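**Student:** fold the stuff below for me.
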Amino acid sequence: MLATVGSRLRLRLGRIPCCAPGAPPEVERRPVASLWPRGHPQYSSGGSPGGSEPPGSAEKVHRVPAEHKPSQFDKRILLWTGRFKAMEDIPPRIPPEMIDAARNKARVKACYIMIGLTIIACFAVIASAKRAAERHESLTSWNLAKKAKWREEAALAAQAKAK
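**Tutor:** Numbers count the residues shown, from 1 in each chain. Predicted coordinates:
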């Protein structure tokens with residue numbers, strides 16, 4: 001089922017493993033009906049399109065062509081994450097894996113920035129609260145003053161209406 005070729009691990013599709021219960025040793029050599037139609041290539045984790053070559057054969061690596069055209073935002077992400085040094089260095093088409101990796105790296109960087117800003121904001125609030133405590137200000141006193149002002153305005157409006 002799995003065969004190692006050099007340093008690559010290749011999935012050999014279309015084979016019955018010999019370790020199946022009750023399977024004779026020659027069963028591994030008999031191919032099983034393919035899951036895909038014959039005309040379409042079967043891509044695996046770095047193996048050949050058919051996936052049924054013997055382990056010692058010359059191996060061709062079939063990769064998905066670079067068909068992702070990066071947008072301006074993608075280009076900025078690629079620059080920010082350090083994939084490329086300048087905007088001119090970015091090719092017109094790049095592999096989707098590269099842009100996914102750059103987006104993930106940018107997402108992590110953005111999270112770190114937000115964590116840092118949150119910690120800074122916490123210290124700013126603490127400092128502001130200490131200064132307000134020195135001036136003997138509190139939310140309760142602000143609320144009481146605001147409600148007293150509303151009551152006064154309501155009383156004035158009621159007097160004006162009564163006249």
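**Student:** in the strand or helix carrying Ala132, what's buried?
**Tutor:** Using DSSP states H and E, Ala132 maps to helix 96-134. For helix 96-134, a neighbour-count test (16 or more other C-beta atoms under 10 Å) marks Met98, Ile99, Ala102, Lys105, Ala106 as buried. No exception for glycine: its C-beta is placed from N, CA and C like everyone else's.
**Student:** and it, what other elements does it pack with?
**Tutor:** With contacts taken as 3 or more C-beta pairs under 8 Å, 6 or more residues apart in numbering; DSSP states H and E, helix 96-134 sits against helix 72-80.
**Student:** the inter-axis angle of the helix it packs on versus helix 96-134?
**Tutor:** 80 degrees (axes from the mean of the first three to the mean of the last three C-alpha atoms, to 10 degrees).
**Student:** same question for helix 72-80: list its buried residues.
**Tutor:** Asp74, Lys75, Ile77, Leu78, Leu79.
**Student:** residue contacts, the residue nearest to the second one when sequence neighbours are not counted?
**Tutor:** Distance criterion C-beta to C-beta, 6 or more residues apart in numbering; nearest residue to Lys75, sequence neighbours excluded, is Ile90 at 5.3 Å. For Ile90, the set of contacting residues under the criterion of C-beta atoms under 8 Å, 6 or more residues apart in numbering consists of Pro70, Lys75, Leu78, Leu79, Phe84.
**Student:** hmm, try it at 6 Å
**Tutor:** Lys75, Leu78, Phe84 (C-beta atoms under 6 Å, 6 or more residues apart in numbering).
**Student:** any chance of a markdown table for those residues, columns pLDDT and distance to Ala148?
**Tutor:** Shown next, in a markdown table, are the contacts of Ile90 (pLDDT from 0 to 100; distance: C-beta to C-beta, whole Å):
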| residue | pLDDT | distance to Ala148 |
| --- | --- | --- |
| Lys75 | 94 | 58 |
| Leu78 | 94 | 59 |
| Phe84 | 93 | 63 |
